[in-house]
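In: heads up, no residue letters with this:
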């Protein structure tokens, strides 16, 4: 029996690096599960849009390329699917997950930080630099990720900063890390692809010793997308039994 396609729904951006990153991530997903059909649709700015893609899919599960359950997940994606006449199962957002923490570790290591050394981690404070949201629950989820990252890795401290919405900003978070006694500091963008907000974070991170790249097309993120897809498939399969 052919499994439903994985319909990856990304936000979209005018910055061409965004679509290039999504395409590279899709290739990672296909490499991990070659038999699975994977399609991509965008909410805004990029093509193809959701109506263009769902019209050619006979069976699919929508997987949002979103870190938190904020406005895009709660309202924009369901509304766009309804408008397209597509009653697809929708997977959960990506965060929180241990795989995201592993992806953050990977990006810091690539930037030159010895994340495998407990001694280095205990002397290093990290800024988890997120987009920010007007949804308090989404920001609380980001803070919970920061707390879990510190607890499981033994960082000297982890502070959250936001590139949009209200503060704290990256320089505020770096100052808090120094005040907490961190000997070295690193900034880790909690963002999926290059663009305006990662550029803003990078411009503000001049006081850090290490600046990581956005999460992007890493194996951990591809594995997490497949994990969310599988969970949604299992949930959809139980619906008839529950309602019979």
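Out: Good, I have the coordinates. All of these numbers come straight from a predicted model, not from anything done at the bench. Numbers count the residues shown, from 1 in each chain.

In: Now do the strands in this structure.
Out: With DSSP state E, the ranges of strands along the chain come out as 5-10, 38-42, 60-64, 124-130, 157-162, 184-189, 210-211.

In: Nearest to residue 82, out of the ones you listed?
Out: strand 60-64 (11.7 Å; C-beta to C-beta). C-betas here are computed from N, CA, C, even on glycine.

In: which helices and strands sit right next to that closest one?
Out: If you count contacts as 3 or more C-beta pairs under 8 Å, 6 or more residues apart in numbering; DSSP states H and E, strand 60-64 packs onto strand 5-10, helix 77-83, helix 219-243.

In: mind putting those in TSV, distance to residue 137 included?
Out: Supplementary listing: the helices and strands packed on strand 60-64 in TSV, determined by distance: least, C-beta to C-beta, whole Å:
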stretch	distance to residue 137
strand 5-10	20
helix 77-83	16
helix 219-243	19
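
In: Can you tell me which of these is packed in deepest?
Out: strand 5-10 (a mean of 24; mean count of other C-beta atoms under 10 Å).

In: and it, how far out from the chain's middle?
Out: Between the mean C-alpha point of strand 5-10 and the mean C-alpha point of its chain there is a distance of 14 Å (C-alpha atoms, centre = their mean, to the nearest Å).

In: likewise stretch 186-201?
Out: Taking C-alpha atoms, centre = their mean, one finds stretch 186-201 lying 11 Å from the centre of the chain it belongs to.

In: what's the answer for stretch 138-155, then?
Out: Offset of stretch 138-155 from its chain centre (C-alpha atoms, centre = their mean): 14 Å.

In: Also stretch 60-73?
Out: In terms of C-alpha atoms, centre = their mean, the centre of stretch 60-73 is set 10 Å apart from its chain centre.

In: Next, the residues that contact the lowest-mean-pLDDT helix or strand in the chain from outside, please.
Out: Lowest on mean pLDDT, DSSP states H and E among the helices and strands of the chain sits helix 71, with a mean of 78. Residues from elsewhere that reach helix 71, judged by C-beta atoms under 8 Å, 6 or more residues apart in numbering: 133-135.

In: 7 Å instead?
Out: By C-beta atoms under 7 Å, 6 or more residues apart in numbering, the list of residues contacting helix 71 from outside reads residue 135.

In: Please apply the same query to stretch 10-18.
Out: Defining contact as C-beta under 7 Å, 6+ apart, one finds that stretch 10-18 is touched by 22, 40, 42-46, 65, 72, 193-196.

In: what's the offset of it from the middle of its chain?
Out: A distance of 14 Å separates the C-alpha centroid of stretch 10-18 from that of its chain, computed with C-alpha atoms, centre = their mean.

In: Also stretch 11-30?
Out: Mean C-alpha position of stretch 11-30 versus that of the full chain (C-alpha atoms, centre = their mean) differs by 12 Å.

In: pretty sure residue 65 is touching residue 9, no?
Out: Yes. Counting by C-beta atoms under 7 Å, residue 65 sits close enough to residue 9 to count as a contact (6.4 Å).

In: mean confidence score for stretch 48-65?
Out: Stretch 48-65 carries an average pLDDT of 95.

In: Show me which residues of that stretch are buried.
Out: Using 16 or more other C-beta atoms under 10 Å as the burial criterion, the residues of stretch 48-65 that qualify are 49-50, 53-54, 57, 60-65.

In: Show me where this structure dips below the pLDDT cut-off.
Out: Counting by pLDDT under 70, the chain contains low-confidence ranges at 165, 239-244.

In: Test my guess that residue 62 contacts residue 6.
Out: No. Applying C-beta under 7 Å as the test, residue 62 and residue 6 come out as separate, 8.6 Å apart.

In: count of residues packed around residue 32?
Out: As a burial measure, the neighbour count of residue 32 was computed by other C-beta atoms under 10 Å and equals 13.
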